[in-house]
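# Kindly generate the corresponding structure for this input.
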Amino acid sequence: MSEQPIPRRLTLDAVAHYPRPGTSAPAHIAFSPDGRLLTYLYSERGDLVRDLWALDLETGQRHILVAAGATPDSDDTVSPEEALRRERQRVREGGVTNYRWADEADRLVLILGGQLAVTSSRGEAPRILARAADPIEDARPTADGAHIVFVRGRDLWTVDVEADTSRRLTSDASETISNGVAEFIAQEEMGRSEGFWIAPDGQRIAYTRVDEGHIPAYPIVHQGGDAWRVESHRYPFAGAANAHVRLAVLPIAGGKTRWLDSVPDDRGYLARVDWRPDGSLAVQVESRDQRRLDLILVDPASGERSTLLTETSPSWINLHRDLRFLSDCSFIWSSERTGYRHLELRGPDGSLVRQLTDGAWPVDALVHVDEARRTVYFVAGRESPLGRDLYAVSLDGGAITRLSDGVGFHGASFAKSGRQYAETTESRDQPPRVVIRSIDRPSDIPVHDPPSAEACAPGLVTPEIVEVSSRDGATLYGSLYRPRGVQFPAPTIVSVYGGPHVQSVTDTWGMTVDLRAQYLASLGFLVFKLDNRGSARRGLAFEAAIERRLGTIEVQDQVDGVRWLVAEGLADARRVGIYGWSYGGYMAALCLLTEPAVFRVAVAGAPVTAWDGYDTHYTERYMGTPSENPEGYARGSVLTHASRLEGRLMLVHGMIDENVHFRHTARLVAALEAAGKACDVLILPNERHMPRDEAGRRYVEERVAAYFLEHL
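Predicted structure coming up:
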């Protein structure tokens, strides 16, 4: 059964439903170690419960390798830590949610129902290993597949696959101490979800020991059901203490732990850890102010260390995952030293051999390094920041070759040999499709060819992309969802995120199936999105315009976007609303309060209302600490401007949000009460940061639409 297309008349049920039309496509794409199979997670039913599929590249046959089963993996069957990790990675799907191939063996590792399971390319029924009542998380095999390392009960374990004998490697876990688990800051803000790393020879494990005992417990009360309970988090607020993170190495067979402390307590972050081919560790350490990053080489046997390179920035360092070691320990690295992220080849000692890419455009990510062919593959928006293409460049330097067609967004997953890759392509007019391409053969193998845009999403408006000039000459990209049969100028709603590390306006299918925007357009509203300065993929200067002044330049750019709409005869200047979630919720509230002549109605979902109530790594990257930048914190706080409320404001917030605490909304309501100002509040008692319950999402969408219809 294929996924059901949405009806021609968009309904609230469709708006609340996931997956979005056309988005049920292969995910977590990987090649088997021998390159014979392409594996991926996919739901042929078109729902959120995914099976593990395999495509035989020789025969073209595809089949389910591991089915979701009668009790599919979900938040209810995994450990609380794993459920929170999925929340931080914004994972909605259930069934088979992840898998790993051993690098050099026909062994596949999964977590099913919270238990460790193994199978192979032959597709035999998954065998459960190290069975226990407690669920596990983050399981990974050694390269030869002989052992699997995993976390259970906040401690590290290993299991011998053939013998099914398990061994506990650490034993001091507690409510405040964990081993092999990435701390909250690493998961939520640093893009590091892992807390252990297996050596290439499979004999040792590097891991983090995290101690949060000195951080005050922040209580989150579950009170939307018949029973109540308190969930405690050691949340590091801006300017306060971070978790103590220690790095250690121990033998996988058990034995003495060697501590390799590389981050002084509370003065920096353990950002990344990688093993070099020679058995040493490459550790990335970021300073607390995030303006310095050191790549440190550590000898696990002696603890001896040296610095391979140091990156500095006048604003902040953006962490990346572009480090790749070659067999001689030279390595690929990326740097924003020029103002745009570009790839470099560096020698084993860290010295620069040559820059591989250059120009007024940033590399998005390194995809694959084919050392035998001396070719580096990467994705970037070189042709336009609205799209993304796949490129190749030689390790020896020279011209860059574009491998994709320059339309929409492209991604790629390479086979270990580098001879084949699975390319994912999408645009505003094309749902995601997947084909296998060959480096040395012209023929492609189709993997997923979805119906046309009209077939799977009939009646939707293809959003237009426009260019807007800010008052000081910056080029900004926006998108329009035009209502049909409406006379312009029309009542207008701005859909905003506005924060760093995000780009909202792109030539992607996700733009077209933004069903809230589409639904509001169907009600007669012109819906507008704008990527203000501070957003991603435009270079460091564009992003760093917000440095130490969050909530200023972003609001200014959004105002300029509305003024452009008015000047173009599209927007009714007297009827402009705005909505957003998270940073977008912050922006929606702040735009309404500080620009009352422009914005009349706002819906702010899960807003950060005061930056002293958000976490260290994210907030201090852009604002410094509260003691260093009190004026910036005050100016950028929604609370500061509460007395300026003139329009209509609805706040929407989940009460068990562990990222942007419900306290943010409570503080704003208190500030509005003190100022004698009224607002509306929609509380979601059983939701975290992003609503996951479909009935609850429908209720929210209904309330949001009704709010704009009534007040705009």
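# any idea of the mean pLDDT for stretch 464-484?
In this model, stretch 464-484 has a mean pLDDT of 97.
# and the end-to-end length of it?
Separation of the first and last residues of stretch 464-484 by C-alpha to C-alpha, to the nearest Å is 14 Å.
# What ranges in this protein fall below the confidence cut-off?
For the chain, residues meeting the criterion pLDDT under 70 lie at 1-8, 70-92, 262-266.
# quick one, domains of this protein?
Here the domain parsing of the chain from automatic domain parsing is 173-210+244-319, 458-711.
# most packed of these?
Looking across these with neighbours counted as mean count of other C-beta atoms under 10 Å, the highest average goes to domain 458-711: a mean of 20. Yep, even glycine has a C-beta here, placed from its N, CA and C like the rest.
# With distance to Val230 added, can I get the domains of the chain in TSV?
Below are the domains of the chain laid out as TSV (distance: least, C-beta to C-beta, whole Å):
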stretch	distance to Val230
domain 173-210+244-319	13
domain 458-711	11
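# closest one to Pro385 among the ones you listed?
Across the domains of the chain, Pro385 has its closest neighbour in domain 458-711 (5.1 Å, C-beta to C-beta).
# Can I get the host helix or strand of Glu286 in CSV? Just the C-alpha atoms.
Mapping Glu286 onto the secondary structure by DSSP states H and E places it in strand 281-287. Extracted C-alpha coordinates of strand 281-287, given in CSV (Å, rounded to 0.1, in the frame of the first residue of the first chain):
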residue,chain,number,x,y,z
LEU,A,281,42.9,9.8,19.5
ALA,A,282,42.0,13.1,17.9
VAL,A,283,40.1,15.2,20.4
GLN,A,284,38.3,18.5,19.6
VAL,A,285,38.1,20.8,22.6
GLU,A,286,36.1,24.0,22.3
SER,A,287,36.7,26.9,24.8
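# Use 510 as the first number from now on
Fine by me, first position is 510 from now on; the one you just mentioned is strand 790-796.
# That strand: partners in the sheet, and parallel or antiparallel?
Taking DSSP bridges as the criterion, strand 790-796 forms sheet pairs with strand 777-784 (antiparallel), strand 801-807 (antiparallel).
# To Pro1000, which of those lies closest?
Comparing the strands paired with strand 790-796 against Pro1000 with C-beta to C-beta, the closest turns out to be strand 777-784 (45.7 Å).
# Send over the closest one as CSV, restricted to the C-alpha atoms.
Extracted C-alpha coordinates of strand 777-784, given in CSV (Å, rounded to 0.1, in the frame of the first residue of the first chain):
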residue,chain,number,x,y,z
GLY,A,777,35.4,24.3,27.8
TYR,A,778,33.6,21.5,25.9
LEU,A,779,34.6,18.1,24.7
ALA,A,780,33.2,18.6,21.2
ARG,A,781,34.4,15.6,19.1
VAL,A,782,36.4,12.4,19.5
ASP,A,783,37.9,10.4,16.6
TRP,A,784,40.4,7.5,16.4
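# Out of the domains of the chain, the one nearest Gly868 is which?
Each of the domains of the chain has some distance to Gly868 by C-beta to C-beta; the shortest is domain 967-1220, at 10.3 Å.
# Endpoint to endpoint, the closest one covers what distance?
Start-to-end span of domain 967-1220 (C-alpha to C-alpha) is 30 Å.
# Distance from that domain to the middle of the chain?
Averaging C-alpha positions (C-alpha atoms, centre = their mean, to the nearest Å) puts domain 967-1220 19 Å from its chain's average.
# From what I see, Lys1038 and Thr1015 are in contact.
No: using C-beta atoms under 8 Å as the test, Lys1038 is too far from Thr1015 to be in contact (10.1 Å).
# Tell me where the stretch 760-909 of the chain has strands.
For the stretch 760-909 of the chain, the strands defined by DSSP state E, counting those that start in this stretch occupy 767-768, 777-784, 790-796, 801-807, 814-821, 833-834, 840-844, 851-855, 861-864, 872-879, 884-889, 898-903.
# Need these in TSV (columns: distance to Ser702).
Formatted as TSV, those follow (distance: least, C-beta to C-beta, whole Å):
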stretch	distance to Ser702
strand 767-768	23
strand 777-784	12
strand 790-796	15
strand 801-807	19
strand 814-821	22
strand 833-834	19
strand 840-844	20
strand 851-855	24
strand 861-864	30
strand 872-879	16
strand 884-889	21
strand 898-903	25
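# Identify the residues contacting the residue nearest to Arg1083 when sequence neighbours are not counted.
Of all residues not flanking Arg1083 in the chain, Arg1109 sits nearest, at 7.4 Å (C-beta to C-beta, 6 or more residues apart in numbering). Arg1109 sits next to Arg1083, Arg1084, Val1085, Gly1086, Leu1101, Gly1156, Arg1157, His1220, Leu1221 when contact means C-beta atoms under 8 Å, 6 or more residues apart in numbering.
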